[in-house]
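# coordinates only, sequence not included:
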């Protein structure tokens, strides 16, 4: 169950990171409320997952899921560069996430 909570927390991190773009510096009400809600839920689920997972593993996976998801959505939603170097780097982060899961 902790792993499921951790993945959901990571996905919520993607949501709030992308949401920050839409808040326009927290000047837009509804995107700001959604982003703040996703932030709180993400950190709350991370905390619950850490009750039974090692802190280093849980935090690294949470950050990794957030970073990879945010970078991919940045490419899709905001036409950010999708260079081969960037994609390989994201693949390395995914490999690290998988490695941490297998080692736990």
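Arrived safely, thanks for sending. Computed from a predicted model, the values in this text were never measured in an experiment.

# give me the low-pLDDT residue ranges for this protein?
Filtered on pLDDT under 70, the chain yields no residues whatsoever.

# which residues in it form helices?
Remark: helices assigned in the chain by DSSP state H are 2-23, 29-49, 55-78, 84-103.

# mean neighbour count, these: which tops it?
Neighbour counts (mean count of other CB atoms under 10 Å) averaged over each of these peak at helix 2-23, with a mean of 19. Every C-beta, even on glycine, is put in place using the N, C-alpha and C of the backbone.

# okay, the angle between that one and helix 55-78?
When axes from the mean of the first three to the mean of the last three CA atoms, to 10 degrees is applied, the directions of helix 2-23 and helix 55-78 differ by 40 degrees.

# what packs against helix 2-23?
On a contact count with 3 or more CB pairs under 8 Å, 6 or more residues apart in numbering; DSSP states H and E, helix 2-23 meets helix 29-49, helix 55-78.

# mind giving me the packing neighbours of the shortest one?
Judged by 3+ CB pairs under 8 Å, 6+ apart, the packing partners of helix 29-49 are helix 2-23, helix 55-78.
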